[in-house]
Structures are given as C-alpha cells and as structure tokens.
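K.L.:
After the sequence you'll find the predicted model.
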There are 2 protein chains.
Amino acid sequence: MANDKITSNDVARLAGVSQSAVSRYFTPGTSVSKKTADKIREAAEQLGYRPNVLARSLITGRSRIIGLVVAYLENYFYPEVVERLSKALQDQGYHVLVFISSIASENVDQITQEILDYQVDGIVLASANMSSELAARCHASGVPIVLFNRLQDDIRLSAVTSDNRAGGRQLADLLVSLGHKRCSYIAGFEGASTQRDREQGFREGLEAAGLALFSRGVGNFRYEEAQAAARSMFAGSEIPDAIFVCNDHMAFAVMDVLRFELGLRIPDDVSVVGFDDVPPARWPAYNLTTIRQNVDDMVAETVATLMQSIREGDGAARRVVLDGALIIRGSTRQTTPTAETR
Amino acid sequence: MANDKITSNDVARLAGVSQSAVSRYFTPGTSVSKKTADKIREAAEQLGYRPNVLARSLITGRSRIIGLVVAYLENYFYPEVVERLSKALQDQGYHVLVFISSIASENVDQITQEILDYQVDGIVLASANMSSELAARCHASGVPIVLFNRLQDDIRLSAVTSDNRAGGRQLADLLVSLGHKRCSYIAGFEGASTQRDREQGFREGLEAAGLALFSRGVGNFRYEEAQAAARSMFAGSEIPDAIFVCNDHMAFAVMDVLRFELGLRIPDDVSVVGFDDVPPARWPAYNLTTIRQNVDDMVAETVATLMQSIREGDGAARRVVLDGALIIRGSTRQTTPTAETR
DNA sequence: ACCCATTTTGCATACGTATGAAAGGCTGAA
DNA sequence: TTCAGCCTTTCATACGTATGCAAAATGGGT
C-alpha cells in the first residue's frame, strides 16, 4: 500500500526524541513538555506524519470503527439514516464501515462475522435482525450492538425505535375520525418488528372503534410488490375507502396505482396513510399523511447508546422508544382539525 | 474492546502446532499439510477464532478497506451507488468505510486525511472534488483514487463517469426534434463536472439547431433550490416551453412547482427532462424523460479500476466514460418514435 | 544550595499477525 | 538403499504503535 510510509520512528529521529515521546504527543491525556512538543510538531508536519489508526487499535483495543448493517437503501428513510449517523459518528471521531445485507436478514450472521474481523467498536443494525448466537458472540467480545428501527427479544441488544405501535394506533384513530368504514393495510416484511408493531397498533385502533381490517396485503417494503398488493386489493367489487401502507416508500407505489391505473382519486375515493415522512411524502405529487420518525433524535440516541456502551464497557442494553408525530397532509380526507397534531 | 480475545497463539497451542502454521492455514497460497490443516480447523472452530484484519494490515500493507466519500444521499442516485458499490466490493473481500462530505467539497481534504489514517487500500469519491495537494499525497502513499461521476484534470485521478456531455446533447436534440423553441436549463452545483458537461452538451445541441438557451437557473442539486429556480424562471410573461433540469432529483421539484403551484401541464405546456433515471423517474407520478446512467456498469468499472490499481500498485490513472441511454417517458411531448432510443 | 514532589523521558515489551530463512520431512528415481 | 528435489514446519523477526516502569529532569519551598 504505502510506498514511503512515514512512521513515528522517523518523526522521533528527526525531532531528536524517542518514539515513545512521539506517541505520547499524539495521545490525549499524556504528558509532553512544551519544548519536546514543539520539536515533534515540526518534525511531524515536515514529514506529513499521522498516526496509523489500525496499528493503534492493536494496543488500545479501539479501532474507532462502527459497523453499520443496512438491508437496502431503496427506501428514502435509510439513506437519510446512513448520512446522519455517519456524520454524527464522524463528529465523535468514529467512522462507519458499511455492510449490505438482504431484506430477510438471512446473511446478517455471516456479515456480522466479517464485521467482527475488523475489530469494530460497535455495530448498528438498521432494518436487520441478528441471531441470538451472534448476539452472544458480540456480547462476549464486548462489542455493543444497537438495533436501529428494529426490536428483538434478546436482552443483550440495545435498540432505538419509534413507537410504531402508537403510530399505527394514531393512524387508525385518524381514519376512524374521518369516517372511514373499510380500512385496509399493506404489510412490509413480515419478519420486521416495525411491520408487526405498526399493524398491531392499527388493528387495535380499528377494534376500539368496532371495526375490523377490511383487507390486507403484503408489500415486503418493495415498490413493485406494494403495487401488486394494491392491484389485488382493489380488484374486487367492494374496495377499501382507506388504506394504511406500512411505510411511505410503499405508499407512493399504492398511490401511483390508485391514480394512474385504477383512476381513483386520493383522498376523495380512498385515503392513503404511510409511515416515516421521507422527503417525497412532503412533495406535492404525493402530499402524504404519515407518521414522522424523528431521524435526528433516533440518530442522536443511537450514538449516545453506542458511546455509553463503548465507554462503560458493560453489556447493559438500552431501549429507547421515541414518539413519532402525526403529520396530516392531502392524502387523507379533510376535517376541521387540519393542523399537524402531536 | 475484546474481553477474551482469541488469538492465533491460542489456536496453535490447542492444535499442537506453531503460530506460523495457524497463520499459513488462513493465508491463501501458502502450504499446510492436510493433517495440520485438520488440527487447526478443529481448534479454530472450537475457539471461534478468526484472523484480525487490522493486525494483518500491519504486515501485509493491505487493510481491505475502501474509503468512500459521498456528499449527500438525498438524491436517489447516490444511495443506489453506495449500495451497489458496497455489495460489489464486499464480494471482492473489501468493505466500504463511509465519509460524508459537504456538497461544495470544501472539507474533502480533511476527510481524506482521516481516510488515510485508516490505511485504506483505495478511495472512491462520489460527487466530490479533491485538491491537487491531497491527490499527490495519495499518489505518494500508493492509494488509488477513483472519481465516481465526477471529472478532474489531475492525471493521477482515475474516473468513471457517464458521457454527460453526450447526454445533454441528446436531450437538446430531442427537445428540438419535438419542436421546442424556448428551451431552458437548471444547473446543479457549479463546481461539479457533471453539471458543466451536461449543460455544455445541451447548449451545443441547441446551437446546432440555431437556438440559444432561453433562460437559466441554479438549483445546486437541492430540491428546494430547484423549486425556487423554477418559480423564478416561470414568473415572466414569456415562459420556457421545455426545460432540462441537471438531475432527476431537481427535476421532480420543478415538475411539482409547475403542476401544483403554477397550474401548468406537463408535457402539454412544458416538457421536462432530467438526468440519472433514478427510481421515482419511473414512477407514474413523475414519468420523467431522462438519461439513464448505467449504475451497474459504472460500479463494475469502478471496482475493476480499483482492483487493478491495488493489484498492479502503479499509479496509472484510468478514465472510463460510459454511454447513458435516452429514456423517453411522458414528461416530454409525444412524437412518432416513442420507444426508448439508444 | 539542598530537599522533595511532580513531571517528563526513554527503555523494554507487548499487541496479533505474516513471512524469510533454515531445518526437517517426504517422495520418487536411480 | 541412497540421494535429490520439493514440501512443510518452526524460529526469529518485523509491522507501527502504546504503555508500564524506572530513571532523569524540573520547579518550588526552605
């Protein structure tokens, strides 16, 4: 890799000090006299020397690398997460090593093995599950794991999520208050806790109003599969008058099908609600009523959780559930309180 | 980090061989007898040992890490790039360390310094520029750099781009062939080669038809700034009858303004063309005529360029320019050849 | 000037691993 | 059986750096 690798020994020679002094100069919390520091600074600048993070990790046991597993970046939500999380960690002196997994998480365990090869200081799983065996491995290795927007029963796993169930409940309450009688649901990936909790909250809200789910489809978090689900669910003689689509990304697909293939009007014929509040939900072409996940707060909590675990070195898992906000836009029927609530 | 770190010495002890044998067992191209290999495999499995990539990098000079600098993931194009590039490199046994820079690239040099601290085997710059000084540094360190969808004059920098100029030219030719007389342009970030080349091609195409640009705005690759540019450019008494927006992401913003704020019909009143063919361009809500950048081929060429540079260890820069494809959809006036061309 | 407490410095070693070189083992041909 | 060539193994060392410890230096007080 390096043709002329400048090492701390080169700096020490030029500055007329020991390698140990050079190392201490670059290590916060150690003592170096001003005179020695000046000599080292000049020599390091002249040679263009910077410490080798990887060599340091051998001694310190700290790589300053966080492994990030994401299943797909197709949904506008996750690019935003990656960008914000990378920035937040960059500000803390850490950097994100990205690993792409499959939606169904069947290769996450192999990927986690690869991650551990890099001696990462922590792992963030965004929209992916990890086996208990691997969770135990990471725990034994002292590598903290934070699930981002996902929940698992394993007590060793920290998690930062929105209150998906409450969000689903809010959407049900909204549709009921708008007078909807035939409320349907399009699920995401069945193995995801977000999908399960959003649907559960939605069903509970309907049941509280004496309603049952009118129909249900599965979109697997994919645009095309959500399209297919919508086509199927609106093929009968009686169609839903409102539909909660498990995330915005799929909701766009459903809206496109309703408008451009079936000639239905939103919200006059069907109200559509999503979950996430990704950027296109705000665009006039979609103008989607949805639950906003507060990405900034989720990222901040994720970073705080990671930093605490890394600093304390204990295995104490931390669960943070953040409230989402109901954002009412033009995809739902209008009623008097049109302002944003919650 | 690690509480009970299992090392190759532990494996060697358990297997009754030397640490050197363990190392050779995990190093491709070295010799180990079947008998020794069996002993080592069993011991490693029993202990859950895997080699430490970072420790290896000290000896081999290879970290198996590629630094990836991206300016923003807001534009659907770059999440797709990150995802595909990460996967392709993952398949080659490399992993991507992500660094987020600003759009104007003013902090890329600092970020590159940080990247070099991690002894990366290569760097990919997606939508960012690097100073000549830092390019020289990387060159001296033997770290290959590949610009993704960006060009710079520095001969040390490899690059993989679409033929942005030809794409702009194609779009001009198309609009002219559809009879447009007042063609306008909304620029991206002025410091980006993609913006410059697309505009240049577009202007050349118009000039070849005896037309000049009707009006020009600047969107800086941001949805909101493209909206503002569109509002301004359509405020006069005479408005464009066609508009080339430097990328799809901004084109969506322009389309939203034209339809929902100005009550204009696309393409009856104004044809809109973009560049990239990101997923929403295919969605019925936008149905955008655009130039498709072949992300798969660009990623493949980027990986091939990186692998070659890493393998050969020379500093030979490689420039790959890939043809985009004109994709005609519903945002432009219709004429007889409605099929996709090119 | 001397004494004491604190700071600073260099030496020696370790982190986990790969590799050159020398020694030992194995196999096939004479 | 012996010998030569090739394969395999171990030893010793190095990669770039941080750190414990002992020795040296420094600064303040008497």
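P.N.:
It's in. Small disclaimer: the values here were computed from a predicted structure and weren't measured.
K.L.:
C-alpha from now on. contacts and neighbour counts both.
P.N.:
Noted.
K.L.:
Wasn't A:Leu326 part of a strand?
P.N.:
Yes: counting by DSSP: H, G, I helix; E, B strand; the rest coil, A:Leu326 is located in a strand.
K.L.:
quick one: the closest residue to it other than its chain neighbours from DNA strand D, how far?
P.N.:
Leaving aside its sequence neighbours, A:Leu326 sits nearest to A:Ile291 (Cα to Cα, 6 or more residues apart in numbering or on different chains; 4.6 Å). For A:Ile291, the distance to DNA strand D (Cα to the nearest atom of the strand, to the nearest Å) stands at 46 Å.
K.L.:
So A:Ile291 sits against A:Phe275, correct?
P.N.:
Yes: contact between A:Ile291 and A:Phe275 holds when scored by Cα atoms under 8 Å: they sit 4.7 Å apart.
K.L.:
what's the overlap in contacts for those two?
P.N.:
A:Gly167 (Cα atoms under 8 Å, 6 or more residues apart in numbering or on different chains).
K.L.:
Would the host helix or strand of A:Glu80 count as contacting chain B?
P.N.:
For A:Glu80, the element it lies in under DSSP states H and E is helix A:77-91. Yes: using Cα under 8 Å from any Cα of the partner chain, helix A:77-91 reaches chain B at A:79-80, A:83, A:86-87, A:90.
K.L.:
Return the member of these nearest to B:Tyr223.
P.N.:
Using Cα to Cα, the shortest approach to B:Tyr223 within those belongs to A:Glu80, at 14.7 Å.
K.L.:
So what's the residue count around that closest one?
P.N.:
Neighbourhood size, A:Glu80 [other Cα atoms under 10 Å in any protein chain shown]: 20.
K.L.:
Ok, A:Leu322 next?
P.N.:
Neighbours of A:Leu322 (other Cα under 10 Å): 17.
K.L.:
ditto for A:Phe252
P.N.:
So A:Phe252, with other Cα under 10 Å, has 28 neighbours.
K.L.:
how close does the nearest residue to it once chain neighbours are set aside sit to A:Ile328?
P.N.:
Of all residues beyond its chain neighbours, the one nearest A:Phe252 is A:Tyr286 (6.9 Å), with distances taken as Cα to Cα, 6+ apart. Applying Cα to Cα, to the nearest Å, the value for A:Tyr286 to A:Ile328 is 12 Å.
K.L.:
Check whether the helix or strand bottoming out on mean pLDDT in chain A comes near DNA strand C.
P.N.:
Within chain A, no helix or strand scores below helix A:132-141, which has a mean of 85 by mean pLDDT, DSSP states H and E. No: Helix A:132-141 does not reach DNA strand C (Cα under 7 Å from any atom of the strand); its nearest approach is 11.3 Å.
K.L.:
and the next helix or strand after that helix, what's its mean pLDDT?
P.N.:
Once the chain leaves helix A:132-141, the next helix or strand it forms, by DSSP H and E, is strand A:145-148. Averaged across strand A:145-148, pLDDT comes to 95.
K.L.:
Strand A:145-148: partners in the sheet, and parallel or antiparallel?
P.N.:
Take DSSP bridges as the rule and strand A:145-148 pairs in its sheet with strand A:122-126 (parallel), strand A:158-162 (parallel).
K.L.:
Among the ones you listed, which comes closest to DNA strand D?
P.N.:
DNA strand D lies closest, by Cα to the nearest atom of the strand, to one member of these: strand A:122-126, at 18.8 Å.
K.L.:
which outside residues touch that closest one?
P.N.:
If you take Cα under 8 Å, 6+ apart as the criterion, strand A:122-126 is touched by A:65-71, A:78, A:143-150, A:306, A:310.
K.L.:
Around chain B, pick out the residues from the stretch 101-250 of chain A.
P.N.:
A:117-119, A:121, A:140-143.
K.L.:
rerun that using 7 Å as the cut-off
P.N.:
By the rule Cα under 7 Å from any Cα of the partner chain, the part of the stretch 101-250 of chain A lying against chain B is A:117-118, A:121, A:140-143.
K.L.:
Let's see the PyMOL selection covering just the buried ones among those residues.
P.N.:
Buried residues within these, by 16 or more other Cα atoms under 10 Å in any protein chain shown, are selected in PyMOL with:
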select buried, chain A and resi 117+118+121+141+142+143
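K.L.:
Show me which pair in the residues of the stretch 101-250 of chain A next to chain B is furthest apart.
P.N.:
A:Tyr118 and A:Ala140 (15.9 Å).
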